[in-house]
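[1] Coordinates for the following, if possible.
(2 chains)
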Amino acid sequence: QQQVKQSPQSLIVQKGGISIINCAYENTAFDYFPWYQQFPGKGPALLIAIRPDVSEKKEGRFTISFNKSAKQFSLHIMDSQPGDSATYFCAAVRPGGGNKLTFGTGTQLKVEL
Amino acid sequence: DAEITQSPRHKITETGRQVTLACHQTWNHNNMFWYRQDLGHGLRLIHYSYGVQDTNKGEVSDGYSVSRSNTEDLPLTLESAASSQTSVYFCASSPAGEAEAFFGQGTRLTVV
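    Numbering: from 1, shown residues only, chains lettered A, B, ... in the order given. Okay, here's the model as predicted:
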C-alpha cells in the first residue's frame, strides 16, 4: 500500500518551462513533507521541504504548494533548466515516527533544450 | 568535511550467499537508515537505528539484518541473497530529532 502517491512517473519539459510534480498522501498524521532530488549514480539530496502550517514555500526556482484539506502537495520548478534533469521524490514524515521518510515512487524529469 | 560513504559501490553475488553492505558516516548522527530503491516503488525502508545497540525493522526487512556497534557504522547483511534482492541500496543518516536525512552514493547489488 503506497502511503504517498506521486505523479507523473516521467515528465519532459522544454527549457524555460514549468515542471509540476504532484503527490497525495493518506495519513493525516504526516507533518513534514520534503522533496528530494536525485541525479544518476548519486544518492537523493534534500531540495526543499514544507510543514502543513503554510500553503506555499519558495526557494529560488523551486516552490512547494500544499493543500492540507485535499492532502496533496506539489513541486513547481520555474524556468526549468537542463541541469534540473533528475529524479524527484516527494516524501512524508509523521511526528513520533522517528524521522522515517515515507517516499513517493519518483518522477524522472527531463528538460530539453 | 563530514560525509556518509557506502561500500562497495557495485556488487555481484550468487543466490544463497551472505552479503554485507557497509555504511559509514562521520557526522556523528544518531539516526541511520537503510533503503532500497526499485523502479516503480521509490525508496523503501529496510532497517533503521536510533543509536548504538538499537535496531528496528522497516517496511521490507525480511531477509535483511543490521547491527549498530558504534555511532558511525550500520552494516546491512543479506543472510541468503535472493534474486528479488537485486536493487540499489542507500544508507542515510540524520541527527536525533531532525527529519532531514543525508544519503550515501548507493550500492548497486545484483544477485545472479
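[2] Every contact and neighbour count from this point should use C-alpha atoms.
    Fine.
[3] where along the chain do the strands fall?
    If you meant another chain, say so; for now it's chain A. A:4-7, A:10-14, A:19-25, A:33-38, A:45-50, A:56-59, A:62-67, A:72-77, A:86-92, A:102-103, A:107-112 (DSSP state E).
[4] Can you look at chain B instead?
    Here chain B has its strands, by DSSP E, at B:4-7, B:10-13, B:19-25, B:31-38, B:42-51, B:54-57, B:64-66, B:76-78, B:87-94, B:102-103, B:107-111.
[5] before we move on, the earlier item: can I get the strands of chain A in CSV including mean pLDDT, distance to residue B:84 and mean neighbour count?
    Listed next are these as CSV, based on pLDDT from 0 to 100; distance: least, CA to CA, whole Å; neighbours: other CA atoms under 10 Å in any protein chain shown:
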stretch, mean pLDDT, distance to residue B:84, mean neighbour count
strand A:4-7, 96, 23, 20
strand A:10-14, 98, 24, 15
strand A:19-25, 98, 27, 21
strand A:33-38, 96, 23, 21
strand A:45-50, 95, 26, 18
strand A:56-59, 96, 39, 14
strand A:62-67, 96, 35, 19
strand A:72-77, 98, 32, 20
strand A:86-92, 97, 23, 26
strand A:102-103, 94, 20, 24
strand A:107-112, 98, 23, 20
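[6] which stretch among those strands comes nearest residue B:25?
    strand A:45-50 (15.4 Å; CA to CA).
[7] helices and strands around that closest one, which ones?
    strand A:33-38, strand A:56-59, strand A:62-67, strand B:102-103 (3 or more CA pairs under 8 Å, 6 or more residues apart in numbering or on different chains; DSSP states H and E).
[8] Now the residue in chain A that chain B sits nearest to. Nearest residue, chain neighbours left out?
    In chain A, the residue that lies nearest chain B is residue A:105 (3.8 Å; CA to the nearest CA). Nearest in space to residue A:105, with sequence neighbours left out and distances taken as CA to CA, 6 or more residues apart in numbering or on different chains, is residue B:42 at 3.8 Å.
[9] residues touching the one you found, list them.
    Listed by CA atoms under 8 Å, 6 or more residues apart in numbering or on different chains, the contact set of residue B:42 reads A:89, A:103-106.
[10] Residue A:100 now?
    With the criterion set at CA under 8 Å, 6+ apart, residue A:100 makes contact with A:93-94, B:99.
[11] switch to 7 Å and redo it
    If a contact means CA atoms under 7 Å, 6 or more residues apart in numbering or on different chains, then residue A:100 has residue A:93 as its contacts.
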